[in-house]
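Asker: Prediction below, plus the sequence it came from.
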Amino acid sequence: MEDSLLIKYLLEETSPDEVTAVEAWIEADPKHKKHFQEFRWVWIKSKDLVQADNMDENAAWERFQVFREANQKKPQPIAQQRFLTSAWARVAAAIVLLGAITAIVLSFLPHSGKALYSNVALVADQETVKELLLDGTLLTLNKNAKLSYSQKWLGDNRLVKLEEGEAYFEVEKNPKKPFVIAVDELEVRVLGTSFNIKKTDERTTVIVDEGVVQVKTGTDKLLLQKNEKAVINNDNGTIEKSVSTDQLFKYYVSKEFVAKNLKLTKLVEALNAAYDSEVEVLSARAKEMSITTTLSYGSLRDNLEIIRQTLGVTVSQKGDNIIIE
């Protein structure tokens, strides 16, 4: 169905046969109906522009034809290239103007506003990635993480699908549109808060930094508050809730490892996750040690040297492994 005939239909300038043809086309396919509804919305919005602006109608109609042909990428019948009515040309000009304004506005939005009507894929390879989402939510993807999100204009929520890896969310509050993260069968729902989600093959871990988060899997659901975490078994969906005793989970966000009277083994575990390293605390004495320090997310060698000097341990290389004793 040509847009020119839809405009004529909206202006009530169609013949009885054309009315029948348009209405039959609309009812023939849900996609046709959706296209018509969107087209009608643009037409309604264009009325204000029509009333507010004195346009060169013939020039406006020519611009409309060029705009339509560029988007449809197919030739238009000569009969449809004529100037039909004064009112029609003004509507066409308004649609072109509204479309241009919309395109300009969208170009300044995160990801060009694509999340309003489609899914946006975000991927981090070997470096962490920070992304501002369409609603103002700040997202930090840890390396090797992958997700997609959409925030449909007429949708009921703001949806994120975490496919793999780890991400830290600083969610913008919007009571009318909850922020929902789906991880396979797991659902995390928030209004405005900061939290971390990490997915591995065996488990998914949710840690709340600020605010309150609802975690749901199957028929089980619970609320997590600040400094609480939930570990979900990916095989059976069971949830285990506990207290989060440190801030190591957000090292890739803050770019530092903060240890306050922390077990050395716990700090080493975080270093291994961050650097893909094989550091092992071998001696019984070293395993019992605790440490208070702040290490920058920089060189692993430099951080191990700080640990050595702080605790008086030895650090040695054995094959691919680094041994602390």
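Answerer: Great, that's in hand.
Asker: what element comes up after the lengthiest strand in the chain heading to the C-terminus?
Answerer: Scanning the chain for the longest strand, with DSSP state E as the assignment, gives strand 158-170. Sequence order places strand 179-183 as the next helix or strand after strand 158-170, per DSSP states H and E.
Asker: Return the list of strands paired to that next one, each annotated with direction.
Answerer: Under the criterion DSSP bridges, strand 179-183 sits next to strand 158-170 (parallel), strand 186-190 (antiparallel) in its sheet.
Asker: Same question for it: list its buried residues.
Answerer: 179-183 (16 or more other C-beta atoms under 10 Å). From N, CA and C alone the C-beta is placed, and that goes for glycine too.
Asker: Any chance you could list what contacts that strand?
Answerer: 135, 137, 157-162, 169, 171, 187-192, 197, 199, 204 (C-beta atoms under 8 Å, 6 or more residues apart in numbering).
Asker: Need the max-distance pair from the buried residues of strand 179-183.
Answerer: Greatest spacing in those, by C-beta to C-beta: Phe179 and Val183 (13.7 Å).
Asker: Grab the most central residue of this structure for me.
Answerer: Tyr149 (3.6 Å; C-alpha atoms, centre = their mean).
Asker: quick one: what helix or strand has that residue in it?
Answerer: Short version, using DSSP H and E: Tyr149 is in strand 146-150.
Asker: Columns distance to Glu305 and pLDDT on top of the buried residues of strand 179-183, output as a markdown table?
Answerer: Shown next, in a markdown table, are the buried residues of strand 179-183 (distance: C-beta to C-beta, whole Å; pLDDT from 0 to 100):
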| residue | distance to Glu305 | pLDDT |
| --- | --- | --- |
| Phe179 | 41 | 93 |
| Val180 | 44 | 93 |
| Ile181 | 38 | 93 |
| Ala182 | 42 | 92 |
| Val183 | 38 | 91 |
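Asker: Reformat those as JSON lines; add distance to Ala121.
Answerer: Formatted as JSON lines, the buried residues of strand 179-183 follow (distance: C-beta to C-beta, whole Å):
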{"residue": "Phe179", "distance to Ala121": "18"}
{"residue": "Val180", "distance to Ala121": "17"}
{"residue": "Ile181", "distance to Ala121": "15"}
{"residue": "Ala182", "distance to Ala121": "15"}
{"residue": "Val183", "distance to Ala121": "16"}
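Asker: re the thing from before, need the least confident one among the strands paired with strand 179-183, by mean pLDDT.
Answerer: Of all these, mean pLDDT reaches its minimum on strand 186-190 (a mean of 90).
Asker: contacts for it?
Answerer: Under C-beta under 8 Å, 6+ apart, the answer for strand 186-190 is 169, 171, 178-182, 195, 197, 204, 206, 211-217, 232, 237.
Asker: List the buried residues for that strand?
Answerer: 186, 188, 190.
Asker: Mind listing the residues bridging to the first one?
Answerer: Partner residues in beta bridges with Leu186: Val183, Thr217, with DSSP bridges as the criterion.
Asker: Kindly report the same for the last one.
Answerer: On DSSP bridges, the residues paired with Val190 through beta bridges are Phe179.
Asker: residues near the closest residue in space to Leu300 that isn't next to it in sequence, how many?
Answerer: Nearest non-adjacent residue to Leu300, counting by C-beta to C-beta, 6 or more residues apart in numbering: Tyr275, 4.6 Å away. Around Tyr275 there are 14 other residues, counting by other C-beta atoms under 10 Å.
Asker: For Tyr275, give its distance to Val268.
Answerer: 11 Å (C-beta to C-beta, to the nearest Å).
Asker: Buried ones in stretch 192-207, by neighbour count?
Answerer: So for stretch 192-207, counting by 16+ other C-beta under 10 Å, buried means 192-199, 204-207.
Asker: Kindly check the end-to-end length of that stretch for me.
Answerer: Using C-alpha to C-alpha, to the nearest Å, the end-to-end distance of stretch 192-207 comes to 14 Å.
Asker: And the contacts of that stretch?
Answerer: Contacts for stretch 192-207 (C-beta under 8 Å, 6+ apart): 142, 162-174, 179, 181, 183-184, 186, 188, 208-213, 215, 224, 228-235, 244, 249-250.
Asker: same question, stretch 316-325
Answerer: 264, 268, 277-283, 285-286, 304, 307-308, 313-315.
Asker: mind listing which of those are in strands?
Answerer: Short answer: these in strands (DSSP E) are 279-281, 315.
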